[in-house]
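**Student:** Starting from these lines, generate the structure:
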Amino acid sequence: MFLHLVMQVSVLLQLVMQYLYNGGCETLQVEQSDVLELMAAANFFQLNGLLRYCEAQCSSMVDLDNIVSMYIHAKVIEVGSLY
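**Tutor:** Numbers count the residues shown, from 1 in each chain. Sure thing, here's the model as predicted:
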């Protein structure tokens, strides 16, 4: 469990640093399983461009199987465009 958490944090920090280094989201390759956590990180670090990118990714991923978890996650981090 601990190793999984460390690896997840490492992936998220790598994506945030890639966004900052490249100055945008054009080269980001984000797995669907990482988008919600990356959106939370973007919100925490106040990276509005990355947050909008994650919102767009989440909007395109919504289906009947994940709509409730997406809604709850969006409410928790206060992403108004998703609820």
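**Student:** Would you mind checking which helix or strand in this protein has the lowest mean pLDDT?
**Tutor:** The helix or strand of the chain with the poorest confidence is helix 2-22; it has a mean of 79 (mean pLDDT, DSSP states H and E).
**Student:** Could you point out the helix or strand that follows that helix?
**Tutor:** helix 35-44 (DSSP states H and E).
**Student:** elements contacting that following helix?
**Tutor:** Where contact means 3 or more CB pairs under 8 Å, 6 or more residues apart in numbering; DSSP states H and E, helix 35-44 is packed against helix 2-22, helix 48-61, helix 67-76. Every C-beta, even on glycine, is put in place using the N, C-alpha and C of the backbone.
**Student:** Tell me which residues touch the nearest residue to A41 once chain neighbours are set aside, please.
**Tutor:** Once flanking residues are discounted, A41 sits nearest to L12: 5.2 Å by CB to CB, 6 or more residues apart in numbering. L12 makes contact with D34, E37, L38, A41, according to CB atoms under 8 Å, 6 or more residues apart in numbering.
**Student:** Look at the first one and report its pLDDT.
**Tutor:** Here, the pLDDT recorded for D34 equals 92.
**Student:** got it, and the second one?
**Tutor:** Taken from the predicted model, the pLDDT recorded for E37 is 91.
**Student:** And the closest residue to it other than its chain neighbours, how far from V79?
**Tutor:** Once flanking residues are discounted, E37 sits nearest to L12: 5.6 Å by CB to CB, 6+ apart. In this view, L12 and V79 are 16 Å apart by CB to CB, to the nearest Å.
**Student:** For the nearest residue to V16 once chain neighbours are set aside, the count of nearby residues, please.
**Tutor:** What sits nearest to V16 in space, not counting adjacent residues and going by CB to CB, 6+ apart, is A41, at 5.7 Å. By other CB atoms under 10 Å, 21 other residues sit near A41.
**Student:** Ok, V30 next?
**Tutor:** Neighbour tally, V30, other CB under 10 Å: 20.
**Student:** go on, D65?
**Tutor:** Neighbour tally, D65, other CB under 10 Å: 7.
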